[in-house]
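# no sequence on this one, just coordinates:
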C-alpha cells in the first residue's frame, strides 16, 4: 500500500523529512535523523533515481548509525545502484549473520550475485527472500522481477513473473512483460499468446501491436505481421518503426507498389534514414523505375558516402540490366567499404564474368567463398568459369584442396563432380556426385548446366532421376 511505501513513515511525513534533509544540506549544518527517517530518505532518493543524494544520505546515516542493520541494507542498495556489486555483497555477507531471517538482506544479496553473473546463487537468495516473508510477497516478487528484467535474465524471470501475474491478475503490465520475456527466449508461441491476452484488455497499445508484428515476422506469418503493424499505425501514425517494418514485409511479399508508398511515407518522416532511402531505391528498382532508384541511392550516398549498401544497389541496378562494365566501379566501392560482405564480392565477381575478366572474377569469387563457404551461387559461378575456360584438370586439385579445408559443401561437390565428368573420370565423378546428392539432392537442379549430357552415365542418371 502507498502509505507503507517508506516503512514506518507515513507518505505525508516523507515530504517533511526530505525538506529537513535538503535544508540541512544547503545550510551545511548537522541535524539528527533517526534510523527510520534515514531509511525513508534513502529509499525516496533511490525511487526518484537521484543516486548522488542517495549516496550522500547513506554516508551521513552510516556516520550517525554505523551499527544499524537497516542502514547497512540501504548502503548495500545504494552501492548496487552505482554498480558496485562486490562491495554490496560484502556488506550482505556480514549482516546476514546478524539478521539471518531478514528478507531484505536476501534480496540485496541476490541482486548483487545476479549483477556479478552468478544467477544460480542469486536465484537461491531470491527464493529464500520469498520463504522468509509472508506479508509482502507481491513487493518481493516485483523487486525480483525488476532486477532480472534489468539484467536481461529472461529465462529466470518468467517463473517469478508468472507467480506475480497470478497474484495481481488485474495488473496488465505483467502480461506484457511475460510476452516480451518469452520473445527474448525465442518461445514465440507463448509470446504471441501473451501479447494477444494483453491486447484483449489493452487494444489501443501500439507498442504491443508493434511487438506482436515483430514476432509474427520472426515466425514467417507475414500477413498477420502486416496486420499487426497496420493496427499499430492506426493507433499511432507516428510509429515510424511500425511503418518501416510494414514496408519491409510488403517488399518481401513482392507487393512493390504498396511497399513504395510505405517506404515513401517513412522517408518523409525520417529523411536522413540511410536504410529507408536505400530500400526505397531498391523498391523502385524492382518496379523498373531506374531513374527514381538511382535518385534515392545517390541521396543515401550524399548523406553518408561511407555507407556501402547504396553503392551495392547501384551496382545491381546496372548488372541486372546487362551493364556489367558500368556496375564494376560501384561494386568495388561497396567492397572497399565492407570487405567482409560475401554478397559484395560475389556480385563483383559476376560483373567481371560479364566483361570476361575471368582472372579477376575467380579472385572475387574466392573472397566470397572465404567469407561464406556455403555460398552455392558462388560455387556455381566458379564452375561456369571452369567450363568457359575448359580448365577442368587444373581446377580439380584446387577444388579438392578447398574440400579438405571447408568440408563437403554441396555446391563445391557438384562443381568438382562436373570437372571429373568432363575429363571422363567416371568413378570419381560418381563418388563425388553421390556425396553431393547425399548432402543436398535438391541443389542438383541449380548446377545441372555444368554437366555435359553426353557424359551422363546410366548410374548418374539414376542417381538424379533423369
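Now that the structure is in, tell me what you want to look at. Note that the coordinates shown come from a computational prediction; the quantities given were computed from them, not determined experimentally.
# could you give the number of residues near residue 181?
Other residues within reach of residue 181 by the criterion other Cβ atoms under 10 Å amount to 25. Yep, even glycine has a C-beta here, placed from its N, CA and C like the rest.
# residues touching the spatially closest residue to it that is not a sequence neighbour, list them.
Excluding the flanking residues, the one nearest residue 181 by Cβ to Cβ, 6 or more residues apart in numbering is residue 154, at 4.4 Å. The contact partners of residue 154, by Cβ atoms under 8 Å, 6 or more residues apart in numbering, come to 148, 181, 184-185.
# measure residue 154 to residue 216 for me?
Distance, residue 154 to residue 216, by Cβ to Cβ, to the nearest Å: 20 Å.
# quick one: low-confidence parts of this protein?
Applying pLDDT under 70 to the chain flags the ranges 1-12.
# which SSE is immediately downstream of whichever helix in it runs longest?
When the chain is parsed with DSSP state H, its longest helix is helix 11-27. Per DSSP states H and E, helix 11-27 leads on to helix 35-47 as the next helix or strand towards the C-terminus.
# quick one, domains of this structure?
In terms of domains, the chain is parsed into 172-237, 373-466 (source: automatic domain parsing).
# just to revisit the earlier point, of the contacts of residue 154, keep whichever come out buried.
For these, a burial check counting by 16 or more other Cβ atoms under 10 Å picks out 148, 181.
# columns distance to residue 346 and secondary structure on top of the contacts of residue 154, output as CSV?
Output for the contacts of residue 154, formatted as CSV (distance: Cβ to Cβ, whole Å; DSSP: H, G, I helix; E, B strand; the rest coil):
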residue, distance to residue 346, secondary structure
148, 44, helix
181, 39, helix
184, 34, helix
185, 35, coil
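# got the domains of the chain as a markdown table, with distance to residue 14 columns?
Below are those laid out as a markdown table (distance: least, Cβ to Cβ, whole Å):
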| stretch | distance to residue 14 |
| --- | --- |
| domain 172-237 | 25 |
| domain 373-466 | 63 |
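# now the longest helix of the chain against helix 35-47, angle please.
90 degrees (axes from the mean of the first three to the mean of the last three Cα atoms, to 10 degrees).
# list the helices and strands helix 11-27 packs on?
helix 35-47 (3 or more Cβ pairs under 8 Å, 6 or more residues apart in numbering; DSSP states H and E).
# now the helix it packs on: buried residues?
Within helix 35-47, the residues scored as buried using 16+ other Cβ under 10 Å are 35, 37-46.
# can you check stretch 420-431 too?
Neighbour-count burial for stretch 420-431 [16+ other Cβ under 10 Å]: 420-422, 425, 428-430.
# can you give me the helices in the stretch 101-250 of the chain?
103-115, 119-131, 137-150, 154-167, 173-184, 188-201, 206-218, 222-235, 240-252 (DSSP state H, counting those that start in this stretch).
# could you list the buried residues of the shortest one?
Neighbour-count burial for helix 173-184, with 16+ other Cβ under 10 Å as criterion, is recorded at 174-183.
# give me the contacts around it.
145, 149, 152, 154, 157-158, 161-162, 164-165, 168, 188, 190-195, 197-198, 201-202, 205, 208, 211-212, 214-215.
# same thing with the third one?
Where contact means Cβ under 8 Å, 6+ apart, the residues beyond helix 137-150 that reach it are 103, 107, 110-111, 114, 126, 129-130, 133, 154, 156-157, 160-161, 163-164, 167-168, 177, 181.
# derive a ChimeraX selection command for the buried subset of the residues you listed.
Buried members of these, defined by 16+ other Cβ under 10 Å, are picked up in ChimeraX with:
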select :103,107,110,111,114,126,129,130,133,154,156,157,160,161,163,164,177,181
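# returning to what we had before: just the buried residues out of the contacts of helix 173-184, in ChimeraX syntax.
Buried members of the contacts of helix 173-184, defined by 16+ other Cβ under 10 Å, are picked up in ChimeraX with:
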select :145,149,154,157,158,161,164,165,188,191,192,194,195,197,198,205,208,211,212,214,215
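# run a quick neighbour tally on residue 377.
By other Cβ under 10 Å, 16 other residues sit near residue 377.
# and the helix or strand encompassing it, what does it pack onto?
Secondary-structure assignment from DSSP H and E places residue 377 in helix 376-389. If you count contacts as 3+ Cβ pairs under 8 Å, 6+ apart, helix 376-389 packs onto helix 342-354, helix 358-371, helix 410-422, helix 444-447.
# hmm, who's touching the second one?
Outside helix 358-371, the residues within contact range by Cβ under 8 Å, 6+ apart are 340-343, 345-346, 348-350, 352-353, 375, 378-379, 381-382, 385, 388-389, 402, 406.
# and those residues, which are buried?
Counted by 16+ other Cβ under 10 Å, the contacts of helix 358-371 give 341-343, 345-346, 348-350, 352-353, 375, 378-379, 381-382, 385, 402 as buried.
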